[in-house]
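**Q** coordinates only, sequence not included:
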């Protein structure tokens with residue numbers, strides 16, 4: 001998708017580039033924030049359940065909960081990396097113009 005419209009004369013080029021990036025990938029910053037928050041929550045939960053496992057408390061319930069927390073962290077890392085790759089592709093595409 002090529003955009004041949006001229007940049008507004010009064011707008012700072014850095015602000016224009018940021019607005020254009022936001023228009024191409026809306027809410028990218030919000031998604032990254034959510035991935036980071038959920039990942040941190042999963043890491044804290046994983047630490048708590050790991051401590052319970054090491055203490056030997058109610059292993060029948062604790063191990064699945066620990067596995068769930070590890071899965072949440074892995075999913076958030078994967079989504080964050082996916083988002084970063086998309087951003088790198090967009091930057092390369094912008095530099096190629």
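**A** Nice, I can see it. Everything numeric in this text was worked out from a predicted model, so none of it was measured.

**Q** count of residues packed around residue 24?
**A** When neighbours are defined as other C-beta atoms under 10 Å, residue 24 has 14 of them. Quick note: C-beta positions are derived from backbone N, CA and C, even for glycine.

**Q** contacts made by stretch 73-80 with the rest, please.
**A** The contact list for stretch 73-80 (C-beta atoms under 8 Å, 6 or more residues apart in numbering) reads 31, 32, 35, 36, 38, 39, 42, 43, 46.

**Q** likewise stretch 25-32?
**A** Stretch 25-32 is contacted from outside by 21, 22, 79, 80, 83, 86, 87, 90, using C-beta under 8 Å, 6+ apart.

**Q** of those, closest to residue 14?
**A** Nearest to residue 14, judged by C-beta to C-beta, of these is residue 21 at 10.8 Å.

**Q** tally of neighbours for the closest one?
**A** Residues near residue 21, counting by other C-beta under 10 Å: 16.

**Q** and the pLDDT at it?
**A** Residue 21 is assigned 75 on the pLDDT scale.

**Q** element containing it?
**A** Using DSSP states H and E, residue 21 sits within helix 13-24.
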